[in-house]
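Here you go, sequence then predicted model.
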Amino acid sequence: MFNYKLTIQYEGTDYAGWQIQENALTIQEVISNSIKQLLQEEISLIGAGRTDAGVHALGQVANFNSNQQLDLSKFKYSLNAVLPKDISITNFEIANNDFHSRFSAKRRSYIYLISNQKSPFFDRYTYTYFSNLKTEKLNDFSSIIIGVKDFTSFSKINIEVQNKICEIYEARWRSQKNLLIFYIEANRFLYGMVRAIVGSLLKAYNSEDGKSYLENVILKKERSAAADAVPAKGLFLYKVKY
């Protein structure tokens, strides 16, 4: 049995997220069907993270097992040839038999893009926010969420996940011309967590006492305490570290 590891990029606009679901097109379904088509065998494709509808990925990771010993370069080429143009396999390799793309991951990181002006070239990938936000102030607020905390207030209701404690290692902003880029890295993320955090940081920025607002949001452990989530189109799964 061979354990194959894939690194994947996708443009998530036209998909209902990563995970297979009924009556909706997903990234996992499209890649799984393409692999089955090439191998002529059933496989189970496991992803490192379940990105939401409309979210993109620069470095999603997945793995599957097969009895077939594949020519890695040839199979990568063939798989990319049958996949649609908005999904790409950037790396294909053999992993250890105990490698699990989800449970073996140590850290995950996301980036969120904000544009301060309307642009037809950025519209599909950024949240347009007509304000010149100062990165120093945003980074000061972002320091509040760094560390081991209960992030219930930033998570959509999910009865499958009882433990809402995560450790955030980095949360920082930088500007590049008309773009504002938010980078966040943690051991795990909850359902809808990053977009709710970005929305709450923007709300804190426009509040009289932003730090107190964020501290209270965390303490309340209620989704209604945090701000609305920012649009999915600006969010990218950046990298998974093992």
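Yep, that arrived. Owing to the predicted nature of the structure, the values given are computational and were not obtained by experimental measurement.

Please look at residue 126 and residue 233 and confirm they touch.
Yes: Residue 126 is in contact with residue 233 according to Cβ atoms under 8 Å; the separation is 7.2 Å. Yep, even glycine has a C-beta here, placed from its N, CA and C like the rest.

The most centrally placed residue in the chain in helix, strand or coil?
Centroid check for the chain by Cα atoms, centre = their mean gives residue 237 as the closest residue, at 3.2 Å. When classified by DSSP: H, G, I helix; E, B strand; the rest coil, residue 237 comes out as strand.

Secondary structure class of the closest residue to it other than its chain neighbours, three-state.
Leaving aside its chain neighbours, residue 237 sits nearest to residue 57 (4.1 Å; criterion: Cβ to Cβ, 6 or more residues apart in numbering). Look at residue 57: counting by three-state DSSP, its state is strand.

what sits against residue 57?
8-10, 12, 18, 27, 51, 236-237 (Cβ atoms under 8 Å, 6 or more residues apart in numbering).

Hmm, residue 60 and the residue nearest to the centre of the chain touching each other?
Yes: taking contacts as Cβ under 8 Å, residue 237 lies within contact range of residue 60: 5.4 Å.

where do the strands sit along this structure?
Here the chain has its strands, by DSSP state E, at 2-10, 46-47, 56-66, 87-95, 107-115, 127-128, 147-150, 165-176, 179-186, 235-241.

follow-up on the earlier one: check the spacing between the residue nearest to the centre of the chain and residue 184 real quick.
To residue 184, residue 237 is 11 Å away according to Cβ to Cβ, to the nearest Å.

what touches both of those two?
By Cβ under 8 Å, 6+ apart, the residues touching both residue 237 and residue 184 are residue 110.

re the thing from before, tell me, what's touching residue 237 and residue 60 both at once?
Contacts common to residue 237 and residue 60, judged by Cβ under 8 Å, 6+ apart, are 49, 51.

what's across from the residue nearest to the centre of the chain in the sheet?
residue 57, residue 110 (DSSP bridges).

mind listing what it touches?
49, 51, 55-60, 108, 110.

Quick check: the farthest pair among the residues you listed?
56 and 108 (14.4 Å; Cβ to Cβ).

how close does residue 183 get to residue 225?
24 Å.

Could you point out which residue ranges in the chain have low pLDDT?
Along the chain, segments meeting pLDDT under 70 span 158-160.

Which parts of it belong to which domain?
2-95, 109-241 (automatic domain parsing).

any idea how far residue 190 is from residue 90?
When distance is defined by Cβ to Cβ, residue 90 is 27 Å away from residue 190.

which of those two has more neighbours?
Taking neighbours as other Cβ atoms under 10 Å, residue 90 and residue 190 compare with residue 190 leading, 19 against 13.

contacting residues around the residue lying closest to that one once chain neighbours are set aside?
Leaving aside its sequence neighbours, residue 190 sits nearest to residue 155 (Cβ to Cβ, 6+ apart; 3.6 Å). Contacts for residue 155 were tallied using Cβ under 8 Å, 6+ apart; they are 161, 164, 190-193, 196, 223.
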